[in-house]
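In: predicted model, plus sequence, below.
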Amino acid sequence: MVRERTTQRLEKLERVLSLRQKDLTLVLANIHDPHNVSAIYRSCDAFGVPKVHLYYTDTAFPTLGASSSASARKWVDTVRHKDKESLMAAMRAEGMQVLATSCTPKAKPLQEYDLVRPTAIIMGNEHRGVDTELVDAVDGEVYIPMYGMIQSFNVSVAAAVILSEASRQRRLAGKYDAPTYSEEEYASILARWAEK
């Protein structure tokens with residue numbers, strides 16, 4: 001029975017890893033609510049986003065409850081950046097188009113962006129959005145079209161909507177049909193996951 005569970009676990013790890021989208025990521029920029037951060041990590045895991053970038057310059061990274069976030073954070077890597085330059089350098093090194101959520105006149109609807117391309121989306125602080133210093137450095141600004149009286153989503157809901165659209169576009173383009181990792185990367189990550 002133990003061997004059967006071990007085999008099933010390994011098969012699940014292989015299946016999940018084969019669906020990870022290594023060229024899709026979110027940047028959490030000074031998001032302070034631990035429940036929002038935990039929910040974003042869960043959405044990243046659910047939509048196959050393997051890594052989250054943290055940009056915390058004037059807000060402390062929130063203390064996350066073990067029960068609410070541990071399972072998702074276990075499978076989603078975290079990279080911290082101390083300033084805009086290191087964040088943007090990391091994104092550019094991976095060939096990412098960098099988009100910021102925004103409500104300015106420059107922002108375009110989510111569906112107008114090609115999210116099949118390597119993409120990083122910056123999710124901003126709950127009260128002030130994405131800081132100007134980051135918006136000035138991105139390739140585009142994005143908003144989610146809404147048709148009600150209230151014209152904003154909670155940041156964790158917005159992250160899930162954005163990742164759902166990215167997932168839809170990528171599924172139609174066949175991006176989930178083959179691993180995005182090289183054989184060496186895949187083997188390395190699988191070995192690390194198997195130890196968890």
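Out: Nice, thanks for sending it over.

In: what about the strands in the chain?
Out: For the chain, the strands defined by DSSP state E occupy 24-29, 51-55, 77-81, 97-101, 108-109, 119-123, 140-143.

In: quick one: contacts of the fourth one?
Out: Put plainly, it is strand 97-101. Outside of strand 97-101, the residues within contact range by C-beta atoms under 8 Å, 6 or more residues apart in numbering are 27, 88, 91, 113, 117-124, 129-130, 134-135, 137-143, 158, 162. Using the backbone N, CA and C atoms, a C-beta is placed for each residue, glycine as well.

In: just the last one next, same as before
Out: Contacts of strand 140-143 with the rest of the structure, by C-beta under 8 Å, 6+ apart, involve 97, 99-104, 106-110, 113, 121, 135, 162.

In: over to the longest one?
Out: For strand 24-29, the surrounding residues in contact (C-beta under 8 Å, 6+ apart) are 37, 40, 44, 47-56, 87, 91, 96, 98, 115, 118-125, 130-131, 134, 159, 163, 166, 170.

In: any idea how far the residue nearest to the spatial centre of the chain lies from residue 120?
Out: Nearest to the geometric centre of the chain sits residue 26, at 3.2 Å (C-alpha atoms, centre = their mean). According to C-beta to C-beta, to the nearest Å, residue 26 stands 7 Å off from residue 120.

In: residue ranges with poor pLDDT in this protein?
Out: The chain contains residues with pLDDT under 70 at 1-5, 65-70.

In: one more time with 80, if that's ok
Out: The chain contains residues with pLDDT under 80 at 1-5, 60, 62-70, 151.

In: which stretches of it form helices?
Out: Along the chain, counting by DSSP state H, helices occupy 2-19, 34-46, 66-75, 84-93, 132-135, 155-172, 183-194.

In: how close does residue 192 get to residue 56?
Out: 25 Å.

In: more neighbours: those two, which one.
Out: residue 56 (16 against 10; other C-beta atoms under 10 Å).

In: just checking, that one touches residue 62?
Out: No - using C-beta atoms under 8 Å as the test, residue 56 is too far from residue 62 to be in contact (9.4 Å).

In: just give me the neighbour total for residue 109.
Out: Residue 109 has 11 nearby residues by other C-beta under 10 Å.

In: now do residue 108
Out: Residue 108: 13 surrounding residues under other C-beta under 10 Å.

In: over to residue 130?
Out: There are 22 residues near residue 130, going by other C-beta under 10 Å.

In: got a list of what it touches?
Out: Residue 130 makes contacts with 29, 100-102, 122-124, as judged by C-beta under 8 Å, 6+ apart.
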